[in-house]
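Undergrad: Below are the sequence and a predicted model for it; my questions follow.
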Amino acid sequence: MNNERIEFDAIVVGAGLAGSAAAMVMARKGLNVALIERGQKPGGKNYFGGAIYTHAIAEVLPDYMDRRPPFERPVTEAGFWFLSRDGITRMTVQGGKLNAEPADAYITLRANFDMWWAEQAQAAGAFLIPKTAVVDFIREENGQVIGVLTDRPQGEVYAPVVIICEGVNNLLAQKLDLISHDLEPAHIALAFKKVISLPMETINARFGLSDDEHGLAVSVLGDVSLGLPGMGFVYTNKTSVSVGLGMMLDKLAEYRLRPYDILDRYLDHPAIAPLVKGGQLLEYGAHLIPEGGYRAMPRLYTGGAMVAGDAAAMVNALHWEGTNMAIIAGQQAAETALEAHSRGDFSEKVMARYEDRLKDGFILQDLKQYRGFANFLETHPQFMDVYPNFLNDALGQFFSAYGKPKKELFRGMLGALTDRRTLFKAAGDIVSMARSVMGW
Amino acid sequence: MFHAVVAVKQVPDTTNIRIDPDTGNLVREGVPAIMNPYDAHALAAAVEWKRRLNGRVTVISMGPPSFTTTIREAIEMGADRGILISDRKLAGADTLATSYVLAEVIRAIHNEDPIDLLLFGKQAIDGDTAQVGPGVGVRLDMPVVTYAVGIRAIDLDDDTVVVERRTERWTEIIETPLPALLTCEKDIAEIPFAPLPDLIKSLRYEPEIWTIEGPVAFEQDMIGVRGSPTIVYQMGTPPLPEAGEVINTRETSIDAAVTFVFQKAEAAGVLGTILGGEK
Amino acid sequence: MTARRFWVFIEQEQGKVHPVAWELLGVARRLASQVAEEAQASGDEVSVEGVLLGHQVRDIAAEAIKYGADRVYLIDDPVLAQYRNCPYYMSIAAVAEKHQPEVFLIGATTLGRDLAGAVATALRTGLTADCTKLEMGEVKGAKQRLLQATRPAFGGNIMATIVCRKHRPQMSSVRPRVFPAAPYNPDAVGEIIAEETGVTEEGARSCILEFVHAQEDTVDIEYSDVIVAGGRGVGGPEGFAVIKALADAMGGVVGASRPCVDAGWIKYPHQVGQTGKTVRPKVYVAAGISGALQHKVGMQNSDFIIAINSDPNAPIFEVADVGIVGDLFEVIPAMIKEIEARKEARV
Ligand SMILES: Cc1cc2nc3c(=O)[nH]c(=O)nc-3n(C[C@H](O)[C@H](O)[C@H](O)COP(=O)(O)OP(=O)(O)OC[C@H]3O[C@@H](n4cnc5c(N)ncnc54)[C@H](O)[C@@H]3O)c2cc1C
Ligand SMILES: Cc1cc2nc3c(=O)[nH]c(=O)nc-3n(C[C@H](O)[C@H](O)[C@H](O)COP(=O)(O)OP(=O)(O)OC[C@H]3O[C@@H](n4cnc5c(N)ncnc54)[C@H](O)[C@@H]3O)c2cc1C
Ligand SMILES: Nc1ncnc2c1ncn2[C@@H]1O[C@H](COP(=O)(O)O)[C@@H](O)[C@H]1O
């Protein structure tokens, strides 16, 4: 057996969205990049809702549309559904910006997308090493990272710079003391979903989509999460529907809830059940989302290493945005690695340029702006419960003529709310929601 | 120097198989393809002995181009050389045509680099036929030991191998002259976690692709559909048997349910059997 | 006039016949009868014939006749005293060349599987493994009826019917217990024809140095009248104590589904199903078994099936003659109590 050192110009850990983006950017500029992925294939076990934002893809791969990305459908209708106990209020938009071509966002399945995304990195020259997990780092005495240790025998791989894109389990970030602990349960949502297969025509008919070039992506609030902080989602794939929800881990633990039961209850909801009726369960899966936001982020770099994507808690929970941040962060880390190579300096000082780059872009700005949102749902449970029910009652009254004077009707509608929450408080809620979103 | 050849086949992971409820057809899409598990264990045994005797392992496989992933996996596990026999004209082969092609390929390898041991899986989990191994043995006029669970010794001076073979009733310890062909159970060797350098080597490895153009000349009548005496005449889903009566303990009592079962058994004439087999 | 011979390999080891041989004689008789009319019309002679190899096994040849063989080819030679692949397949291939059987059935036991592939290759003919249904049927384009051999494929999810148009013999292997044994007729007559092996000890090549008999429990669930089988629903290795208690009360043996074997709760010889044993006891109790296809193919030929499962929708109820929806840990003790009480009442 040869005992030669395995050496690359750069190592990327994790062939997810951030990782393959980073590998692609570096390989394209001629670096010899190892992209190490613990799964059998990229994306095999990765899960999301979900929709992927094209602005980020275009940034890293301008001609992506010519490379046949495995998109399911463009998002042509987006918005919120509010579920009451037995009703639904839909608030969605179509048209306008959503008609853009290529679309702003595409619904996709990660197993397919991540595979394709990693193939683009490979096409750029990155060397994908699957079925191998990075477990630790090789470091010099001064702490400078000079390689990684994998779980295989003779598993050392050397490189002057390592980009950590390990996803939500920030074990490697912890090994480098970039963060001192696991993410706190209060900062993690557990998302679980079912993918249910249905014929394309059935999906189009049930969701009011004219063909498979139209797709729906909605967040679902209200009677999904048993009144606890949490949010559901529905995405239409080509021949399947993804339905799931995310809830904060601490609440699941506190109330001893079993995700499967909650999801089944949600799928049994009278407004949801008919949408997936008769479908066949293709997969059931669960994944964590780091929703701690800005305040839960680790340090982003150290000598010879940087962290990007979910591993650095780069997720905007309200907008289900994570993929775009992961991709852009991966790209920025890669740019920094390229700069380090051209300078021949991989010290902490050069790695710090990564954070500067992020501050200039939307990621850190957005994350900072939304920093209060994680706490928002928690401190305002009425968004899970009172308002969805109010909306349904109120609109229900509005649209059933009743034969009453209109004045009375509006009084009744207001009553539907004030029975639940005083007007004053409701106004306050709206202000504080706006605040958390706008980052005031 | 010791030279082992292992025949490996790629199979759909049948633990993951789904059937289209409407058409009754197998859904191949998304069903992961794996190396036939028995072949993987056979390969692990070959690699173990190659390390012990300082030899080489060649893997061969007949199938479509997608089988290269399985050959790479074999390299990862420690094989030195991988040959994929792939050609449209070979498609549709049954076990007889498969054994013909593999035997001819093995003959060609043997002429250039003599083989001591040929290892096959006990059976391929997609068809469960267990015919190809013995078939190749017959064609090459080689001694065959099926259901091998262990290799006790390989003596390259004496040209013998001692194999443990497990049958339903006992384990046989068999001595056979080399070259010999074994078909292997999983017990033959554990599959180790491959070292990183071997994985990297496999990722860079390009399997040799042999076609009907060469290097082996196959007889046209012996390969593919033409060389296969058996044909699939019909396909269908298994018939549903008639369901019996079901009683729910939540609707009656447990004792009532048991009594009901005994009544049914009596009516079917098997009560005596239930009561301890008395006639 | 030609002879249409339906052959059955009479498997024996150390003088003990594998009962699958008698099952296959029954099948061969039925297949022969399916071509009787057609044969009569063309004046062909139809016969069911056994092929028996071993040393000092003439008694077995006589038995085979009582199970319905018209003729038995007996190759009795010291070189065949123990089963070995080479001398067996070579001897059989030689007699088959000589007598040209039309159909050749072999039991899909370890021995039979070892042999069948070699014989088929030596005769350059087709072989269909593990058949669950065999018929002589009309096939488009064929002058005579052909053997239609149906077998499970792809993990039992599909049944494929396979024919072998041109090559002879049409060979099939059949797992034990898929078919019932042929009726035994002590007065049946037939002829025993001695054949030569032609293989010498040198030609046999391999040599069995030793037989190691396993000490661990080698249950023979295939031929038990009563099987009480437990599945994942028993919850763990301890759960099989309950299963065993019922099996004891009924004078039967313990069976299991594959996950229990995989998890190490119980040993492989107890496994029922596609990758385990095929069984057809008089009574089969399935407790805590969901009834996956791969399990059902191994037990659905049982005479009387009792299913116990807490899930009313479990597919096992589809094959059961009678089912109890309930907790096996409550139902089984009640059954044992009832059995004991009834036994008591009888004495
Ligand atoms: C239910 C759900 C819905 C979502 N919906 C959306 C949405 O609609 N739109 C959106 O933009 N975002 C969405 N997100 C968020 C988004 O999926 C993530 O933010 C994004 O996937 C992060 O990408 P990443 O590359 O950082 O991590 P990942 O995609 O998780 O990739 C990490 C990779 O690293 C590998 N890995 C981990 N550890 C190791 C190791 N030690 N060694 C080697 N490899 C390792 C993993 O196998 C994996 O392939 C959703 C998330 C969830 C859970
Ligand atoms: C190629 C292939 C070959 C296979 N070969 C075989 C084979 O040979 N044999 C085999 O068995 N399987 C085989 N399988 C596996 C098979 O598909 C099933 O996975 C397996 O049979 C399921 O075993 P089970 O019924 O014990 O477990 P499960 O499917 O998990 O069922 C357990 C059942 O127990 C019930 N239960 C739980 N608790 C209780 C209680 N307290 N009281 C009563 N009921 C309870 C549950 O309702 C459930 O129905 C094979 C699969 C493949 C793909
Ligand atoms: N196409 C093939 N290529 C290589 N080896 C094969 C092929 N088909 C079968 N084998 C080998 O033969 C064994 C028995 O296969 P089977 O007779 O199909 O059950 C397998 O375990 C493999 O070792």
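TA: That came through fine. Numbering: from 1, shown residues only, chains lettered A, B, ... in the order given. Ligands and ions are numbered 1, 2, ... in the order given.

Undergrad: Compute the mean per-residue pLDDT across the one helix or strand C:Leu115 maps to, please.
TA: For C:Leu115, the host element (DSSP states H and E) is helix C:110-122. Averaging pLDDT along helix C:110-122 gives 94.

Undergrad: do stretch B:97-117 as well
TA: 96.

Undergrad: Now look at it and say if it contacts ligand 3.
TA: Yes - interface with ligand 3: stretch B:97-117 contributes B:98, B:102 (Cβ under 6 Å from any ligand atom). (Each C-beta comes from the backbone N, C-alpha and C, glycine too.)

Undergrad: cool, and stretch B:145-160?
TA: No - against ligand 3, stretch B:145-160 shows no contacts by Cβ under 6 Å from any ligand atom, the least distance being 10.0 Å.

Undergrad: Next, the residue nearest to A:Asn204 when sequence neighbours are not counted: secondary structure please.
TA: Nearest residue to A:Asn204 in three dimensions, chain neighbours excluded: A:Asp211, at 6.3 Å (Cβ to Cβ, 6 or more residues apart in numbering or on different chains). At A:Asp211 the chain is in coil, as set by DSSP: H, G, I helix; E, B strand; the rest coil.

Undergrad: Next, find the distance separating A:Asp211 from A:Glu201.
TA: Between A:Asp211 and A:Glu201 the computed distance is 9 Å (Cβ to Cβ, to the nearest Å).

Undergrad: Pull up the pairing partners for the helix or strand just after the helix holding C:Leu115, direction included.
TA: As assigned by DSSP H and E, the chain's next helix or strand after helix C:110-122 is strand C:127-131. Using DSSP bridges, the strands paired with strand C:127-131 are strand C:170-174 (parallel).

Undergrad: Just want the angle from the strand it pairs with to helix C:110-122.
TA: 170 degrees (axes from the mean of the first three to the mean of the last three Cα atoms, to 10 degrees).

Undergrad: I would like the residues contacting the helix or strand harbouring B:Arg107, please.
TA: Here B:Arg107 sits within helix B:95-112, counting by DSSP H and E. Contact with helix B:95-112 is made by B:5, B:7, B:58, B:60, B:62, B:83, B:85, B:90, B:93, B:115, B:118, B:127, B:129, B:131-132, B:135-136, B:138-140, B:179, B:210, B:215-216, B:218, B:222-224, B:227-230, C:117, C:120-121, C:124-127, as judged by Cβ atoms under 8 Å, 6 or more residues apart in numbering or on different chains.

Undergrad: ditto for stretch A:330-348
TA: A:9-10, A:12, A:17-26, A:29, A:31, A:59-60, A:144, A:160-161, A:163, A:165, A:301-304, A:306-309, A:350-351, A:353-354, A:357-358, A:361.

Undergrad: Among the residues you listed, which lie within helices?
TA: Among these, the ones falling in helices (DSSP state H) are A:17-26, A:59-60, A:350-351, A:353-354, A:357-358.

Undergrad: sorry, back to before: quick one, which of the contacts of helix B:95-112 are buried?
TA: Neighbour-count burial (16 or more other Cβ atoms under 10 Å in any protein chain shown) applied to the contacts of helix B:95-112 gives B:5, B:7, B:58, B:60, B:62, B:83, B:85, B:90, B:93, B:115, B:118, B:127, B:129, B:131-132, B:135-136, B:138-140, B:179, B:210, B:216, B:218, B:222-224, B:227-230, C:117, C:120-121, C:125-127.

Undergrad: mind listing which of those are in strands?
TA: Of the positions in the buried ones among the contacts of helix B:95-112, B:5, B:7, B:58, B:60, B:62, B:83, B:85, B:118, B:210, B:230, C:127 sit in strands, assigned by DSSP state E.

Undergrad: Give the burial count for A:Pro298, as a bare number.
TA: If you count neighbours by other Cβ atoms under 10 Å in any protein chain shown, A:Pro298 ends up with 20.

Undergrad: list the contacts for it?
TA: By Cβ under 8 Å, 6+ apart, A:Pro298 lies in contact with A:170, A:173, A:178-179, A:307, A:311-313.

Undergrad: from those residues, which is closest to ligand 1?
TA: For these, the closest approach to ligand 1 (Cβ to the nearest ligand atom) belongs to A:Ala311, at 5.8 Å.

Undergrad: is it true that the closest one lies in a helix?
TA: Yes - with three-state DSSP as the criterion, A:Ala311 is part of a helix.

Undergrad: Now for it, how many residues are close by?
TA: Count around A:Ala311 with other Cβ under 10 Å applied: 31.

Undergrad: next one: A:Asp345
TA: 12.

Undergrad: And B:Arg226, by the same measure?
TA: Neighbours around B:Arg226, by other Cβ under 10 Å: 13.

Undergrad: Distance-wise, check the nearest residue to it once chain neighbours are set aside relative to chain A.
TA: Once flanking residues are discounted, B:Arg226 sits nearest to B:Gln220: 6.8 Å by Cβ to Cβ, 6+ apart. Counting by Cβ to the nearest Cβ, to the nearest Å, the gap from B:Gln220 to chain A is 38 Å.
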